[in-house]
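Colleague: below are the sequence and a predicted model; questions follow.
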Amino acid sequence: MQKNAITVLLFTVAALTALGFVMLFSTSAFAQESHGDIYFFVKRQGFWLGISVAAALVGATIDYHWWRKLWPLFFGGAFVLLLLCFVPGIGMKINGSYRWLNLGIATFQPSELAKLAAIFFTAWWFEKYEAHAGELLKGIIIPFSIVAVLMAPISQQTDLGYTALIGATTLAIMFVGGIRMRWVVPAAIIGVAGILYIATHIDERHGRLMAFMNPEKYQATEGYQQLQGLIAFGSGGTEGLGLGEGRQKMSYLPYAHTDFIFPMIGEELGLKFTLLTVFGYLLMCMCGVTVAMNARDRFGMLLGFGCIMMIILQSIVNIGVTTSLLPNKGMPLPFISFGGSNLAICYFMVGILVNIHRHGNPLVTMASPVLNHVRNYCRL
């Protein structure tokens, strides 16, 4: 499994990307932003795919230990770019949120870069302070407070999905890094409570939360998108209506080519392909964790684990939202949804995993200490 893990991982990424282009071609022609060009989004995604492949090559070629040295640059750059989103003329307000920067030829979402910055920092911190990982101050308060510097402007962009994603991934790296179990659960509870508090004080997010709690009451307003997604799944059944034969994309299901592309897979290709998609992410998770656990050093192990967790947790949130298991959040499905920034960062993280695999030593594995750490938790 260890030798073939990276091969299977790359094959899965390629398969999910191919599925994304097929579904994008099928659904994006009906989007208002296509301006009558059925290839508009496909061409733009193709442009970003070229950038993404280049990013993956950079991640696979440059020794991953460089990210340990450059984390302050990524962290500071991400923070500045997040603040620039609020500057008129530079930041773009889309759907009531300042989350994007106008680059002229394309737009960029700085919170994607913030995801990398959080991973780089947390991996560096728990390698440097390995001996203090079990302490309250250096094990959880200081590192999480530093990551919160990135999470604060993201939450002010009313992007609670990415705020929760970065927080959850950071906590996952902390767990693998050695923090005590009795602090993991309270930290998670405090994080969830904080997100809920913010959501209840933002009108739009409060409406989405209420729609999740009582979908029938809000089926014509905040709950409309998720309801249409469920209709898409139900219409497709087991076999699907056929590629290109879906109806919800015809202005019934908003953002069918981006955040809600998963229901379109269910409607057109059926339950078989939705399950295959979920299996693809599960397989990617297994392969990514295998690569991380066989890293040459602690930093590589934490870095690889953070990269694969960021991708997998994002896919879990998207699938949970589109199946009405979670409140509605604007978050793309990795490798499948339209979105250049997310595609490029996901490919870059895959490239880092390739680099960790290339520098890994099958005779010196980091799996044993981590497994012992988990076993100790199970005894509690």
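Modeller: Great, that's in hand. Numbering: from 1, shown residues only.
Colleague: how about the secondary structure of residue 137?
Modeller: Secondary structure state of residue 137, per DSSP: H, G, I helix; E, B strand; the rest coil, is helix.
Colleague: against residue 194, how distant is it?
Modeller: 20 Å (C-beta to C-beta, to the nearest Å). All C-beta spots, glycine's among them, are computed from the backbone N, C-alpha and C.
Colleague: more neighbours, those two?
Modeller: residue 194 (17 against 9; other C-beta atoms under 10 Å).
Colleague: for the helix or strand containing the more buried one, which helices and strands make contact with it?
Modeller: Residue 194 is part of helix 181-200, with elements assigned from DSSP states H and E. Judged by 3 or more C-beta pairs under 8 Å, 6 or more residues apart in numbering; DSSP states H and E, helix 181-200 is in contact with helix 160-177, helix 203-213.
Colleague: quick check: angle from that helix to helix 160-177?
Modeller: Between helix 181-200 and helix 160-177, the angle formed by their directions is 180 degrees, by axes from the mean of the first three to the mean of the last three C-alpha atoms, to 10 degrees.
Colleague: return the residues in contact with residue 117.
Modeller: 71, 74-75, 77-79, 150 (C-beta atoms under 8 Å, 6 or more residues apart in numbering).
Colleague: same thing with residue 166?
Modeller: Going by C-beta under 8 Å, 6+ apart, the list of residues near residue 166 reads 111, 114-115, 118, 147, 150-151, 154.
Colleague: repeat that for residue 46.
Modeller: residue 21.
Colleague: follow-up on the earlier one: just curious, which of the contacts of residue 166 is nearest to residue 353?
Modeller: The shortest approach to residue 353 among the contacts of residue 166 belongs to residue 115, at 14.7 Å (C-beta to C-beta).
Colleague: which of the residues in stretch 119-129 are buried?
Modeller: 119-127, 129 (16 or more other C-beta atoms under 10 Å).
Colleague: same deal with stretch 271-286?
Modeller: So stretch 271-286, judged by 16+ other C-beta under 10 Å, has buried residues 273-274, 277, 280-281, 283-286.
Colleague: which residues does that stretch contact?
Modeller: Here stretch 271-286 makes contact (C-beta under 8 Å, 6+ apart) with 5, 8-9, 12-13, 15-16, 19, 233, 236-240, 262, 265-266, 308, 311-312, 315-316, 319, 334, 336.
Colleague: among the contacts of residue 117, which are in helices?
Modeller: 71, 74-75, 77-79, 150 (DSSP state H).
Colleague: could I get the residues you listed as CSV with distance to residue 37 and pLDDT?
Modeller: As requested, the ones in helices among the contacts of residue 117 are exported to CSV (distance: C-beta to C-beta, whole Å; pLDDT from 0 to 100):
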residue, distance to residue 37, pLDDT
71, 41, 93
74, 36, 92
75, 39, 95
77, 34, 93
78, 33, 93
79, 37, 94
150, 37, 92
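Colleague: just the buried members of those residues?
Modeller: If you count burial by 16+ other C-beta under 10 Å, the buried members of the ones in helices among the contacts of residue 117 come out as 71, 74-75, 77-79, 150.
Colleague: with distance to residue 330 added, can I get the residues you listed in JSON lines?
Modeller: Shown next, in JSON lines, are these (distance: C-beta to C-beta, whole Å):
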{"residue": "71", "distance to residue 330": "27"}
{"residue": "74", "distance to residue 330": "24"}
{"residue": "75", "distance to residue 330": "24"}
{"residue": "77", "distance to residue 330": "23"}
{"residue": "78", "distance to residue 330": "19"}
{"residue": "79", "distance to residue 330": "22"}
{"residue": "150", "distance to residue 330": "18"}
